[in-house]
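S.K.: Got a sequence here, can you build the structure:
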Amino acid sequence: MADLAYETSKLTDRYQTTVPSGVRKQLKLSKGDQIRYHIEPNGRVYIEPVNADDADAALGAFLDFLEADLKAHPERISVFDGALLQRLENVVGDVQVELDEPLSPDDE
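M.R.: Next up, the predicted model:
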């Protein structure tokens, strides 16, 4: 039986990490690729690359859902007059987000 390989990485204050080079090589990951986490009931976690076909399948399923909903409820379709944009601007106002700041204890 082959020996198991172990790789470690450290979490930043924002719970981000770098995928170790050995894992990137094993999964054939490149910059911009996505990974998927599988969590088993016993707590074991597996990661795998997300294939373009998988992403397209998810998008296709979502678009199919939208199409079915629009067909089932055409009365919900309305012209975009900018009122929604104004409502959103009123809700978020001038909220600025700094992605490099540590999360507050309330957000963790």
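
S.K.: can you give me the helices in the chain?
M.R.: Taking DSSP state H, the helices of the chain run over residues 21-27, 52-72, 83-92.

S.K.: just checking, what packs against the shortest one?
M.R.: For helix 21-27, the elements it packs on are strand 45-49, judged by 3 or more C-beta pairs under 8 Å, 6 or more residues apart in numbering; DSSP states H and E. From N, CA and C alone the C-beta is placed, and that goes for glycine too.

S.K.: Pull the residues that contact the strand it packs on.
M.R.: Strand 45-49 has contacts (C-beta atoms under 8 Å, 6 or more residues apart in numbering) with Val23, Leu27, Lys28, Leu29, Asp33, Gln34, Ile35, Arg36, Tyr37, His38, Ile39, Glu40.

S.K.: picking that back up, tell me which of the helices of the chain sits most buried.
M.R.: Most buried of these, by mean neighbour count (mean count of other C-beta atoms under 10 Å): helix 21-27, with a mean of 13.

S.K.: got the contact list for it?
M.R.: Looking at helix 21-27 with C-beta under 8 Å, 6+ apart, the contacting residues turn out to be Ala5, Glu7, Val19, Leu29, Ile35, Ile47, Glu48, Pro49.

S.K.: Find the nearest non-adjacent residue to the fourth one, please.
M.R.: In space, Leu29 comes closest to Pro49 once its chain neighbours are excluded; the distance is 5.9 Å by C-beta to C-beta, 6 or more residues apart in numbering.

S.K.: Also the first one?
M.R.: Distances taken as C-beta to C-beta, 6+ apart place Gly22 nearest to Ala5, at 6.3 Å, with adjacent residues excluded.

S.K.: can you check the fifth one too?
M.R.: Spatial nearest neighbour of Ile35, chain neighbours left out: Ile47 (5.0 Å); criterion: C-beta to C-beta, 6+ apart.

S.K.: what does the domain assignment say about this protein?
M.R.: For the chain, automatic domain parsing gives the domain ranges 1-50, 51-92.

S.K.: of all the ones you listed, which lies closest to Pro105?
M.R.: domain 1-50 (11.5 Å; C-beta to C-beta).

S.K.: Distance from that closest one to the middle of the chain?
M.R.: For domain 1-50, the gap between its own C-alpha mean and the chain's C-alpha mean amounts to 15 Å (C-alpha atoms, centre = their mean, to the nearest Å).
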